[in-house]
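> Okay, here's the prediction I keep looking at, along with the sequence it came from:
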Amino acid sequence: MPSPGLSHDAAGRRCIATGEVLPQARLIRFVADPEGTIVPDVAGNLPGRGLWLTARHDIVAGAVARRLFARAARKGVTVGADLADRIEPLLAARCCGLLGLARKAGQVVAGYVKVRALVEKGGAAVLVEAADGGADSRGKLQSLAPGLPVIDRLSAAELSAALGREHVVHAALLPGRLAQSFQAEAARLAGFRAPPRGLSIVLNSSDGTGSQ
């Protein structure tokens with residue numbers, strides 16, 4: 001189960017591929033394990049010197065191809081060719097874990113009727129839509145609150161498992177730290193998992209993440 005969120009440093013970290021300094025919430029941390037193998041540290045809590053990359057599949061894959069990890073670490077390291085591909089399931093698991101925490105804390109509702117009621121009274125902080133859900137009901141909910149952040153990177157199966165009920169297509173988080181952390185993790189996942197066809201993720205998080 002993930003922690004509610006990374007411990008973000010306001011000073012940010014420099015991406016070893018682009019040179020851009022970004023908030024930790026928009027980066028992936030990597031470390032070398034005791035055998036010298038580079039591993040992703042999506043929770044940001046493994047020991048060792050952190051090597052940071054922008055949370056995008058193409059940037060991580062490019063860093064592997066250009067052998068940037070050894071240059072940044074200033075020593076020989078082993079980097080798996082599938083490093084970029086290994087990050088997506090880790091981030092998806094963190095998103096689902098945060099939804100599970102929100103369920104236990106009573107900070108999330110699921111099902112079209114309950115979500116619509118919450119959205120209509122202005123009580124939702126984040127709208128969560130299954131990536132493989134129907135566009136019609138999604139559009140109706142979004143039209144009720146055009147400025148509401150929408151997360152659409154998780155499948156109905158993932159949402160259902162996280163929330164402990166069958167066939168979840170619509171969910172919404174209440175305002176609070178869990179909603180903020182979920183938005184930040186979903187923004188990172190968006191860099192590794194394509195949006196549903198014809199749709200996109202909309203994020204309005206305080207860490208500077210924008211629409212993608």
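Sure, I can see it. Numbers count the residues shown, from 1 in each chain.
> Which residue, other than its chain neighbours, is closest to Arg71?
Nearest non-adjacent residue to Arg71, counting by Cβ to Cβ, 6 or more residues apart in numbering: Ile16, 7.8 Å away. C-betas here are computed from N, CA, C, even on glycine.
> Would you confirm that Ile59 contacts Cys15?
Yes. Under the criterion of Cβ atoms under 8 Å, Ile59 makes contact with Cys15 at 7.2 Å.
> any common contacting residues for those two?
Common neighbours of Ile59 and Cys15 (criterion: Cβ atoms under 8 Å, 6 or more residues apart in numbering): Leu53.
> the strands in this structure, which residues?
Assigned by DSSP state E, the strands in the chain fall at 13-14, 21-22, 27-32, 38-41, 51-54, 108-110, 126-129, 150-151, 170-173.
> Mean pLDDT and distance to Ala190 added to those strands, as TSV?
What follows is these, written out as TSV (pLDDT from 0 to 100; distance: least, Cβ to Cβ, whole Å):
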stretch	mean pLDDT	distance to Ala190
strand 13-14	96	19
strand 21-22	96	15
strand 27-32	97	13
strand 38-41	98	16
strand 51-54	98	12
strand 108-110	97	20
strand 126-129	96	13
strand 150-151	94	9
strand 170-173	97	17
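> mind checking how far the nearest residue to Ala184 once chain neighbours are set aside is from Ala55?
Spatially, and ignoring its direct neighbours in sequence, Ala184 is nearest to Ala25 (4.4 Å; Cβ to Cβ, 6+ apart). Taking Cβ to Cβ, to the nearest Å as the measure, Ala25 falls 9 Å from Ala55.
> Tell me where the protein has helices.
For the chain, the helices defined by DSSP state H cover 57-65, 68-73, 83-104, 112-120, 135-144, 156-163, 177-190.
> Tell me which of these is the most buried.
Mean neighbour count, computed with mean count of other Cβ atoms under 10 Å, is highest for helix 177-190 among the helices of the chain, reaching a mean of 24.
> so what does that helix touch, helix or strand wise?
Contact partners of helix 177-190 among helices and strands, from 3 or more Cβ pairs under 8 Å, 6 or more residues apart in numbering; DSSP states H and E: helix 83-104, strand 126-129, strand 150-151.
> any chance of these in a markdown table, with distance to Ala161 too?
Listed next are the helices and strands packed on helix 177-190 as a markdown table, based on distance: least, Cβ to Cβ, whole Å:
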| stretch | distance to Ala161 |
| --- | --- |
| helix 83-104 | 7 |
| strand 126-129 | 14 |
| strand 150-151 | 16 |
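> So which elements touch the helix or strand of the chain with the lowest mean pLDDT?
None of the helices or strands of the chain scores lower by mean pLDDT, DSSP states H and E than helix 135-144, at a mean of 84. Applying 3+ Cβ pairs under 8 Å, 6+ apart, one finds that helix 135-144 contacts helix 112-120, strand 126-129, strand 170-173.
> Between Ala25 and Ala55, which has more neighbouring residues?
Using other Cβ atoms under 10 Å, the more surrounded residue of Ala25 and Ala55 is Ala55, with 26 against 23.
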